[in-house]
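*Asks:* Here is the input, now give the coordinates:
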Amino acid sequence: MPKALLIVDYTNDFVAPAGKLTAGTPAQSIAPAINRLAEAFRAQQDFVFLPTDLHVAGDPYHPETKLFPPHNEEGTWGRAYYGDLEPWYQQHKAETNVQAFPKRRYSSFAGTPLDQWLRERHVTDLHIVGVCTDICVLHTAIDAYNLGYTITIHSDACATFNPDGQNFALDHFKNVLGATVL
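*Replies:* Presented below is the predicted three-dimensional model:
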């Protein structure tokens, strides 16, 4: 059975030093692991999905408007993928097993075609990486669990704002969602 790698929100705004909502050094340090996994999945003809946060400036209806500063706004540098992931994506985006798509909530499943795409491709095994471990990666993993997917979290390819959030999420993946944490 094919498997899929989900690279959640690995953008300049969440990762780069000048990002509007950066997780800083922890997020920057996982770049080699994310890039290695993306290429390994692509080379094996497995799927690489890049669910990416999308916001519209000043949207009064989006709940995150009240919680966080503006970030990942459409058409900005901040929404581009961080580091070597951006040129990798540009090089491979025309391939059928590489697909980026916008998401407007924490979970990569909420309001997106992800579940349908996975089922059409007979994918049951999801590998999840990205930022932030205790927010968007966690909410994506919870929805994946509720939809019946087998979940693997690559801890060396996930990061968040603080160690407590990282530790909580990694523990939750393993002990509550039954995920494999590598």
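*Asks:* Number of residues surrounding residue 106?
*Replies:* The burial count assigned to residue 106 is 21, neighbours taken as other CB atoms under 10 Å. All C-beta atoms are positioned from the backbone trio N, CA, C, and that covers glycine.
*Asks:* how much space is there between the nearest residue to it once chain neighbours are set aside and residue 92?
*Replies:* Once its chain neighbours are removed from consideration, residue 106 has its nearest residue in residue 139; the separation is 3.8 Å (CB to CB, 6 or more residues apart in numbering). Distance, residue 139 to residue 92, using CB to CB, to the nearest Å: 26 Å.
*Asks:* the more surrounded of those two?
*Replies:* Here residue 139 and residue 92 are compared on neighbour count by other CB under 10 Å; more neighbours surround residue 139, at 18 against 14.
*Asks:* so that one sits right up against residue 107, yeah?
*Replies:* Yes - the pair residue 139 and residue 107 passes the contact test of CB atoms under 8 Å, sitting 4.1 Å apart.
*Asks:* residue contacts, the closest residue to residue 54 other than its chain neighbours?
*Replies:* For residue 54, the nearest residue in space outside its immediate sequence neighbours is residue 102; the separation is 3.8 Å by CB to CB, 6+ apart. For residue 102, the residues meeting the contact criterion (CB atoms under 8 Å, 6 or more residues apart in numbering) are 51-54, 112.
*Asks:* would you turn those into TSV with secondary structure, distance to residue 181 and neighbour count?
*Replies:* As requested, those are exported to TSV (DSSP: H, G, I helix; E, B strand; the rest coil; distance: CB to CB, whole Å; neighbours: other CB atoms under 10 Å):
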residue	secondary structure	distance to residue 181	neighbour count
51	strand	20	24
52	strand	24	23
53	strand	23	25
54	coil	28	15
112	coil	24	17
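*Asks:* Check those and tell me the two furthest apart.
*Replies:* 53 and 112 (11.4 Å; CB to CB).
*Asks:* Mind listing the shared neighbours of the two?
*Replies:* Once CB under 8 Å, 6+ apart is applied, the residues that residue 53 and residue 112 both contact turn out to be 102-103.
*Asks:* hmm, back to that, and which of the contacts of residue 102 is nearest to residue 19?
*Replies:* residue 53 (11.7 Å).
*Asks:* That's all I had, so thanks and see you.
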